Each structure stands twice: as C-alpha cells, then as structure tokens.
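Engineer: pasting the sequence and the predicted coordinates here, then a few questions.
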Amino acid sequence: MQQLVEAILVNLPVGLIIIGPDGRIIEANRAACHILGCSLEEFKGSSWGELFLSHDDNPEFAEVVTDAIQNETRKVERVTPYQLPDGKRKFLSVISAALHDKGRMSSIVVLIEDMTELAVMHQREKDILAQNHRLATDRAKSLIAFARSVAHQIRNPIMSIAGFTRLLKRKTNDDARESLDAIAEETLKLEGMVRSVAEYSAIAVARIAQVNLWVVIEEAKRHIENHPACIGQDIRWKTDCPDMNLRVDRDLMVQALAELLLNSAEFAGAKAEITVCAKESEGAVTITVTDSGPGFTSEGLDLAFDPFYTTKTVGAGMGLTRARRIVGEHQGTIAIANTDDGHALITIYVPVNGAEVIAAA
C-alpha cells in the first residue's frame, strides 16, 4: 500500500500537499515542489505557516489553505497569483479541503495546478478583443464624423435644387412641369436621406436617468401609434416584462424600441400580433420583439442593419441602423433572426447601467 501511495504521488500531474491538524506538512509530491518552486526537503516536516505565512509574497495563495485550516472548510477553490522565490509570477488553481475523522479534522488536502499558460492566453485574448474594440470604436467615430460632414455639404445643394425647381415650375408650361415634378420628388428623397444621416450622426447618450422598463415599452408603443403603418391596423400587443428599472437615456431607448416595433408593424400588416418580452439576468436585460409577419428574407438577415437598405417603397432604411446605434451607445447589442415558425425575431441585450460606462468615458 505504501508503494502504491508513493507511485500515485510521483505520477500525479498536479501538486498535492497533505497538512496535519497542527499545520505541519505530512506529505507533498514533486509536482507541488516544482509548481511552488520549493524543494521536497523544505516541505517535509515544515509547517505551512513557516513556508507561506512568514512573509507577504503570496497572501491570496496562503489564504486558501488558511481558510480550510481555521474554518475546517470542506472545500475552498480559487485561482490565485503566486510569486516564485526568483520573482517570477504564476497563476495557480488551488483547491483545499478539510478531511474529518469521527467528527474531528484529521488533515487538509491541497491540490495545486499551474494555470499560468492558460491565464496568459486569456489575457492575450482580452487584450486583442480590447484592441479590436478600440479600433472599431475609432472607425465608427470616423465614419460618423464623415457622415456628418457629407450630410452638411450635401444639404445646401439639395435645398438649392428644390428651390430652383419650385421657381421653374411657376414659369414653365404644363409639359415641363411633369419633369420638374420628378426632380422635386427625387430631391425630397435626397433630403430625407440627408436628414436621416444627420440624425444618425447626432445620436449620443445625453441624459441618463432611472426609468422603468414598462414605461419605455409603453412610450415606444405610443410613439408609433399615429404612424401610417399603425393607424387602423388593429395591432394586438402582448407584453411580458418584469417590473425593473434601467439607467439609460430614456428618449433614446424609447426611440430605439419604437423603431423595432414600427418595423414589426409595417411588415406584419393588418391585425398584426406583436409580442414584447423582457427578462433580467446578471445585471442586464434581454428584450425580444416578435411579430406574426413573414419574417426576414435571407437578404434581409444579411443587410437589415446596413444604412439605406430597405424593401419598403417609402423611408430611408435607417430605422434598424439607428436602433443598433442607440443600443450600442448603451453598451448593448441587437441581433435579428427568424423563429422556428418563420416570424421575425429581434433581440436586444442591454446592461442595466451600460449608459453610465459610455458617459464616464
């Protein structure tokens, strides 16, 4: 049996230390020595306190075992930093457990695994994601500034064309007016597009306040009730929402949700059934909007958030684009999909205090 125990200790890939109730180390394997940078001779017969509590290099590591010894905790598990005697730093997964015999603590078993490579890899991934986020943010800011500039530069020529078209219509015969009407109609479309770009580039979190989610949803419904897509359509609303508060820019969030509800109303048509559900989890709220319409086409799933993409005969195609920008300003995301039965499904994920992150930045 002793040979079996020794074989297990030698071949065990993780560090193992067994500590007696008096705090002295009864047994340790070579993996533990290698991970902690100590010799086997230092472990045998030494006390845990002498090795790890006499100096303050590794307080978090020592605390895992101290908790088990002092509180006789059956299991303590943490990932802690650890500094080797030569100054190098590691990250260790440490599990300590108090074993009991006839109601009394008989020993503490400590399992140690070196997680340094994994921790370094995770940190590298986090750094890459943070860098990508910064680059994406910089690109978005540049595009917004460019869009604002273009909208400003185009607005004046469009207004001039519209003005001169109206003047010419008063001075020409009926044959020429038809062509001028076509010019005026296209000018109005350009004006709408420029206005949409200007509104999009002006989106920014301004007034952060606590607001009830029910209030946001009901205001979004009222926001679209006089839209031609909703008047006389006998829309049936279903709402399933917890009584919870968000800290957001109220006007912007109402606008974003209204864009999604309007999109559902326009495509679902008369007697549409639109369902808004929300649930809270881990400091964030997930809102889903589904309707009884035909759902997104494959092209729509790919292009719905692209500026000016639309399958409608009227409108600039900026509704979902604006909604995604607003939710993004609150550190959230929007995703679109189709349900299993082929209806549109839009999902919003918003941190409860996401707007405060942007405001602080």
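Structural biologist: Arrived safely.
Engineer: got the contact list for Met115?
Structural biologist: By CB atoms under 8 Å, 6 or more residues apart in numbering, the contact list for Met115 reads Val79, Lys90, Phe91, Leu92, Ser93. C-beta: built from backbone N, CA, C; applies to glycine.
Engineer: if you set the cut-off to 10 Å instead, what comes out?
Structural biologist: Val79, Thr80, Tyr82, Lys90, Phe91, Leu92, Ser93, Val94, Met121, His122 (CB atoms under 10 Å, 6 or more residues apart in numbering).
Engineer: partner residues bridging the second one?
Structural biologist: With DSSP bridges applied, the residues forming beta bridges to Thr80 are Leu92.
Engineer: wait, doesn't it sit right on Asp57?
Structural biologist: No: contact between Thr80 and Asp57 fails when scored by CB atoms under 10 Å: they sit 11.8 Å apart.
Engineer: now do the closest residue to Pro21 other than its chain neighbours against Glu50, distance only.
Structural biologist: The spatially closest residue to Pro21, leaving aside those adjacent along the chain, is Met105, at 5.2 Å (CB to CB, 6 or more residues apart in numbering). As judged by CB to CB, to the nearest Å, Met105 and Glu50 stand 20 Å apart.
Engineer: with neighbour numbers in mind, choose between Thr80 and Asp57.
Structural biologist: Set Thr80 next to Asp57 and count neighbours by other CB atoms under 10 Å: Thr80 wins out with 18 against 14.
Engineer: OK, contacts around the more buried one?
Structural biologist: By CB under 10 Å, 6+ apart, Thr80 lies in contact with 58-64, 90-94, 112, 115.
Engineer: from the residues you listed, which ones fall inside strands?
Structural biologist: Among these, the members falling in strands (DSSP state E) are Lys90, Phe91, Leu92, Ser93, Val94, Ile112.
Engineer: show me where this structure has its helices.
Structural biologist: 2-11, 30-36, 40-43, 48-52, 59-71, 116-171, 174-201, 213-224, 250-268, 298-303, 319-329, 354-360 (DSSP state H).
Engineer: for Gln233, find the nearest of those.
Structural biologist: Proximity to Gln233 (CB to CB) singles out helix 250-268 among the helices of the chain, at 6.7 Å.
Engineer: so how far is Phe43 from Pro307?
Structural biologist: Relative to Phe43, and taking CB to CB, Pro307 is found at 66 Å.
Engineer: what of Phe164?
Structural biologist: As for Phe164, its distance to Phe43 is 92 Å (criterion: CB to CB).
Engineer: more neighbours: which of the two?
Structural biologist: Set Phe164 next to Phe43 and count neighbours by other CB under 10 Å: Phe43 wins out with 20 against 13.
Engineer: that one reaches Ile35, doesn't it?
Structural biologist: No: Phe43 lies out of contact with Ile35 (CB under 10 Å); the separation is 11.8 Å.
Engineer: intersection of neighbour lists for these two?
Structural biologist: Here Phe43 and Ile35 have Asn29 as joint contacts, going by CB under 10 Å, 6+ apart.
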